[in-house]
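> let me see the structure of the following:
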Amino acid sequence: MLIKNTSSNGSYKSALQLNPRWATDLTHQLTFAYNRNRIQFFEIDPDEFSQIDTRTMIRLVNAELGENSKNQIDLLTQLCPRSEFSYYTEKFCSEREGLRVADVRYYHLPLPGTNGFVFKSELARQFHKDFDMNAWGGYAEIGWSFTEQKYSPYITFRHSVFTGDDPETKAFERWDPLLSGGNGEEWVQGANHFKVVQISNVVAERLQLKLRPILRWRQ
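This next block holds a predicted model:
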(Lines give C-alpha, C1' and ligand atoms only; values in the text may rest on other atoms or scores of the structure.)
Protein backbone atom coordinates (compact mmCIF):
# COMPACT_ATOMS: atom_id res chain seq x y z
CA MET A 1 0.00 0.00 0.00
CA LEU A 2 3.06 2.27 0.17
CA ILE A 3 5.13 1.50 -2.96
CA LYS A 4 3.43 0.67 -6.25
CA ASN A 5 3.12 3.56 -8.72
CA THR A 6 6.81 4.25 -9.23
CA SER A 7 6.14 6.12 -12.47
CA SER A 8 3.71 8.91 -13.35
CA ASN A 9 1.19 7.98 -16.06
CA GLY A 10 -0.60 9.89 -18.81
CA SER A 11 0.48 12.56 -21.30
CA TYR A 12 3.34 11.15 -23.36
CA LYS A 13 3.46 8.02 -21.19
CA SER A 14 1.15 5.03 -21.30
CA ALA A 15 -2.33 5.59 -19.87
CA LEU A 16 -3.24 4.14 -16.48
CA GLN A 17 -5.28 1.25 -17.88
CA LEU A 18 -3.15 0.64 -20.99
CA ASN A 19 0.12 -0.91 -19.86
CA PRO A 20 1.17 1.82 -17.42
CA ARG A 21 4.87 2.42 -16.94
CA TRP A 22 6.12 1.18 -13.59
CA ALA A 23 9.75 2.06 -14.38
CA THR A 24 11.68 4.35 -12.04
CA ASP A 25 14.38 6.86 -12.79
CA LEU A 26 16.67 4.71 -10.66
CA THR A 27 16.27 1.66 -8.43
CA HIS A 28 18.83 -0.20 -6.36
CA GLN A 29 17.70 -3.54 -4.94
CA LEU A 30 19.44 -6.16 -2.81
CA THR A 31 17.59 -9.35 -1.83
CA PHE A 32 18.49 -12.25 0.44
CA ALA A 33 16.14 -15.27 0.42
CA TYR A 34 16.00 -18.57 2.28
CA ASN A 35 13.14 -21.01 1.69
CA ARG A 36 9.95 -18.94 2.12
CA ASN A 37 11.65 -16.02 3.86
CA ARG A 38 13.37 -13.02 2.33
CA ILE A 39 14.68 -9.58 3.17
CA GLN A 40 14.96 -6.77 0.62
CA PHE A 41 16.78 -3.45 0.59
CA PHE A 42 15.58 -0.78 -1.86
CA GLU A 43 16.53 2.72 -2.93
CA ILE A 44 13.93 4.21 -5.30
CA ASP A 45 13.90 7.40 -7.33
CA PRO A 46 10.41 7.42 -8.95
CA ASP A 47 9.91 8.59 -12.54
CA GLU A 48 7.82 11.75 -12.10
CA PHE A 49 6.79 14.29 -14.73
CA SER A 50 9.53 16.90 -15.07
CA GLN A 51 7.04 19.76 -14.49
CA ILE A 52 6.06 18.41 -11.05
CA ASP A 53 9.12 16.36 -10.10
CA THR A 54 9.38 16.39 -6.30
CA ARG A 55 12.87 14.83 -6.38
CA THR A 56 11.69 12.30 -3.82
CA MET A 57 14.09 9.50 -2.91
CA ILE A 58 12.84 6.54 -0.87
CA ARG A 59 14.88 3.94 0.97
CA LEU A 60 13.26 0.91 2.57
CA VAL A 61 13.86 -2.47 4.13
CA ASN A 62 11.18 -5.13 3.61
CA ALA A 63 11.14 -8.52 5.39
CA GLU A 64 8.71 -11.30 4.42
CA LEU A 65 8.24 -14.42 6.52
CA GLY A 66 6.35 -17.36 5.01
CA GLU A 67 6.03 -15.97 1.49
CA ASN A 68 3.36 -17.81 -0.59
CA SER A 69 2.39 -19.96 2.39
CA LYS A 70 -0.91 -20.10 4.29
CA ASN A 71 0.27 -17.51 6.81
CA GLN A 72 2.59 -14.66 5.88
CA ILE A 73 3.94 -11.81 8.03
CA ASP A 74 5.72 -8.82 6.50
CA LEU A 75 7.57 -5.96 8.16
CA LEU A 76 8.73 -2.78 6.46
CA THR A 77 10.60 0.34 7.48
CA GLN A 78 11.03 3.29 5.15
CA LEU A 79 12.56 6.76 5.05
CA CYS A 80 12.72 9.69 2.64
CA PRO A 81 16.26 11.12 2.73
CA ARG A 82 15.45 13.59 -0.06
CA SER A 83 12.26 15.31 -1.25
CA GLU A 84 11.03 18.76 -2.30
CA PHE A 85 7.39 17.83 -1.69
CA SER A 86 5.74 19.87 1.09
CA TYR A 87 2.90 19.39 3.57
CA TYR A 88 0.59 22.39 3.98
CA THR A 89 -2.11 23.43 6.41
CA GLU A 90 -3.40 26.88 7.35
CA LYS A 91 -0.70 27.22 10.01
CA PHE A 92 1.93 24.71 8.92
CA CYS A 93 4.38 23.99 6.10
CA SER A 94 7.16 21.41 6.14
CA GLU A 95 9.05 19.12 3.77
CA ARG A 96 8.47 15.42 3.16
CA GLU A 97 12.24 14.98 3.47
CA GLY A 98 12.81 13.22 6.78
CA LEU A 99 9.58 11.17 6.67
CA ARG A 100 9.72 7.78 8.42
CA VAL A 101 7.27 4.89 7.97
CA ALA A 102 6.78 1.64 9.90
CA ASP A 103 4.48 -0.98 8.39
CA VAL A 104 3.31 -4.48 9.35
CA ARG A 105 1.25 -6.84 7.18
CA TYR A 106 -0.38 -10.22 7.79
CA TYR A 107 -2.04 -12.51 5.25
CA HIS A 108 -3.94 -15.74 5.86
CA LEU A 109 -4.71 -17.30 2.48
CA PRO A 110 -5.89 -20.75 1.34
CA LEU A 111 -3.33 -22.82 -0.48
CA PRO A 112 -3.50 -22.55 -4.30
CA GLY A 113 -6.38 -24.55 -5.78
CA THR A 114 -8.23 -25.02 -2.47
CA ASN A 115 -11.25 -23.46 -0.76
CA GLY A 116 -10.65 -21.49 2.39
CA PHE A 117 -10.89 -18.48 4.63
CA VAL A 118 -9.17 -15.26 3.53
CA PHE A 119 -7.85 -12.61 5.89
CA LYS A 120 -5.55 -9.71 5.00
CA SER A 121 -4.49 -6.82 7.16
CA GLU A 122 -1.97 -4.00 7.04
CA LEU A 123 -1.21 -1.20 9.47
CA ALA A 124 1.33 1.60 9.05
CA ARG A 125 2.38 4.69 10.99
CA GLN A 126 4.12 7.75 9.52
CA PHE A 127 6.29 10.04 11.63
CA HIS A 128 8.98 12.63 10.92
CA LYS A 129 12.42 13.42 12.28
CA ASP A 130 11.94 17.21 12.15
CA PHE A 131 8.39 17.78 13.46
CA ASP A 132 5.54 16.07 15.29
CA MET A 133 3.81 13.79 12.76
CA ASN A 134 1.43 10.97 13.69
CA ALA A 135 -0.39 9.65 10.61
CA TRP A 136 -1.95 6.18 10.37
CA GLY A 137 -3.22 4.03 7.54
CA GLY A 138 -4.40 0.48 7.18
CA TYR A 139 -7.10 -2.00 6.35
CA ALA A 140 -8.59 -5.34 7.38
CA GLU A 141 -10.12 -7.67 4.81
CA ILE A 142 -12.03 -10.95 5.28
CA GLY A 143 -13.52 -13.30 2.76
CA TRP A 144 -13.74 -16.80 1.36
CA SER A 145 -12.29 -18.48 -1.70
CA PHE A 146 -14.44 -21.12 -3.41
CA THR A 147 -11.76 -22.22 -5.84
CA GLU A 148 -13.05 -25.79 -6.09
CA GLN A 149 -16.59 -24.68 -7.06
CA LYS A 150 -17.90 -23.72 -10.49
CA TYR A 151 -16.61 -20.29 -11.67
CA SER A 152 -14.28 -20.21 -8.63
CA PRO A 153 -16.17 -17.50 -6.65
CA TYR A 154 -14.01 -15.28 -4.45
CA ILE A 155 -15.77 -12.83 -2.15
CA THR A 156 -14.18 -10.34 0.25
CA PHE A 157 -15.12 -7.36 2.41
CA ARG A 158 -12.58 -4.71 3.33
CA HIS A 159 -12.60 -1.80 5.79
CA SER A 160 -9.81 0.75 5.38
CA VAL A 161 -8.85 3.94 7.22
CA PHE A 162 -6.35 6.68 6.34
CA THR A 163 -6.11 9.61 8.74
CA GLY A 164 -6.48 13.30 7.98
CA ASP A 165 -5.08 16.22 9.95
CA ASP A 166 -7.00 17.41 13.00
CA PRO A 167 -6.38 21.17 13.40
CA GLU A 168 -7.18 20.91 17.11
CA THR A 169 -4.15 18.72 17.83
CA LYS A 170 -0.47 19.61 17.86
CA ALA A 171 0.65 16.70 15.66
CA PHE A 172 0.36 16.63 11.86
CA GLU A 173 -1.87 13.61 11.11
CA ARG A 174 -2.54 13.69 7.36
CA TRP A 175 -1.58 10.38 5.74
CA ASP A 176 0.97 10.75 2.92
CA PRO A 177 0.02 8.37 0.05
CA LEU A 178 3.63 8.30 -1.23
CA LEU A 179 3.66 5.88 -4.22
CA SER A 180 0.43 4.04 -3.39
CA GLY A 181 -1.59 2.46 -6.17
CA GLY A 182 -2.01 -0.97 -7.65
CA ASN A 183 -5.35 -2.69 -8.15
CA GLY A 184 -8.26 -4.16 -6.24
CA GLU A 185 -6.06 -6.96 -4.93
CA GLU A 186 -4.20 -4.34 -2.93
CA TRP A 187 -5.58 -1.32 -1.06
CA VAL A 188 -7.22 0.50 -4.01
CA GLN A 189 -11.00 0.78 -3.63
CA GLY A 190 -11.50 1.01 -7.41
CA ALA A 191 -9.83 2.54 -10.48
CA ASN A 192 -12.30 5.44 -10.75
CA HIS A 193 -12.26 6.07 -6.99
CA PHE A 194 -8.47 6.31 -7.07
CA LYS A 195 -8.58 9.05 -9.73
CA VAL A 196 -10.91 11.21 -7.62
CA VAL A 197 -10.12 10.53 -3.96
CA GLN A 198 -6.61 9.98 -2.65
CA ILE A 199 -6.02 8.11 0.57
CA SER A 200 -5.85 10.91 3.11
CA ASN A 201 -8.72 11.50 5.53
CA VAL A 202 -10.63 8.52 4.10
CA VAL A 203 -12.70 5.75 5.66
CA ALA A 204 -13.91 3.29 3.02
CA GLU A 205 -15.54 -0.10 2.75
CA ARG A 206 -15.48 -2.39 -0.26
CA LEU A 207 -17.38 -5.58 -1.09
CA GLN A 208 -15.84 -7.52 -3.96
CA LEU A 209 -17.00 -10.63 -5.83
CA LYS A 210 -14.77 -12.25 -8.44
CA LEU A 211 -15.76 -15.04 -10.82
CA ARG A 212 -13.73 -17.03 -13.32
CA PRO A 213 -16.20 -18.38 -15.95
CA ILE A 214 -13.28 -19.40 -18.17
CA LEU A 215 -9.79 -20.19 -16.91
CA ARG A 216 -8.30 -17.18 -18.74
CA TRP A 217 -11.06 -14.75 -17.69
CA ARG A 218 -11.82 -13.12 -14.34
CA GLN A 219 -14.86 -10.92 -13.69
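> tally of neighbours for Asn134?
When counting by other CB atoms under 10 Å, one arrives at 16 neighbours for Asn134. Any C-beta I mention is one placed from the backbone N, CA and C, and that applies to glycine too.
> quick check: chain neighbours aside, which residue is closest to it?
With sequence-adjacent residues excluded and distances taken as CB to CB, 6 or more residues apart in numbering, Asn134 is closest to Ala171, at 4.2 Å.
> need the per-residue pLDDT for the one you found.
pLDDT recorded at Ala171 is 93.
> now do Ala135
For Ala135, pLDDT reads 96.
> surely it touches Gln126?
Yes - with contacts counted by CB atoms under 8 Å, Ala135 reaches Gln126, the gap being 4.1 Å.
> show me the strands in the chain, by range?
24-34, 37-46, 57-65, 71-82, 86-88, 93-95, 99-108, 116-128, 135-145, 154-162, 202-210 (DSSP state E).
> export those strands to CSV and tack on mean neighbour count and distance to Thr6?
Output for the strands of the chain, formatted as CSV (neighbours: other CB atoms under 10 Å; distance: least, CB to CB, whole Å):
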stretch, mean neighbour count, distance to Thr6
strand 24-34, 11, 5
strand 37-46, 17, 5
strand 57-65, 17, 9
strand 71-82, 16, 13
strand 86-88, 13, 21
strand 93-95, 14, 21
strand 99-108, 18, 16
strand 116-128, 18, 18
strand 135-145, 19, 19
strand 154-162, 17, 20
strand 202-210, 13, 22
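> dump the ones you listed into a markdown table; add distance to Gly181 as well.
Shown next, in a markdown table, are the strands of the chain (distance: least, CB to CB, whole Å):
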| stretch | distance to Gly181 |
| --- | --- |
| strand 24-34 | 13 |
| strand 37-46 | 11 |
| strand 57-65 | 14 |
| strand 71-82 | 16 |
| strand 86-88 | 20 |
| strand 93-95 | 23 |
| strand 99-108 | 16 |
| strand 116-128 | 15 |
| strand 135-145 | 14 |
| strand 154-162 | 14 |
| strand 202-210 | 15 |
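> any idea how far stretch 115-122 is from the chain center?
With CA atoms, centre = their mean, to the nearest Å as the basis, stretch 115-122 stands 17 Å off its chain's centre.
> do stretch 85-102 as well
On CA atoms, centre = their mean, the centre of stretch 85-102 falls 19 Å from the chain's centre.
> could I get the average pLDDT for that stretch?
91.
> that one: end-to-end distance?
Chord length of stretch 85-102, first to last residue, is 20 Å (CA to CA, to the nearest Å).
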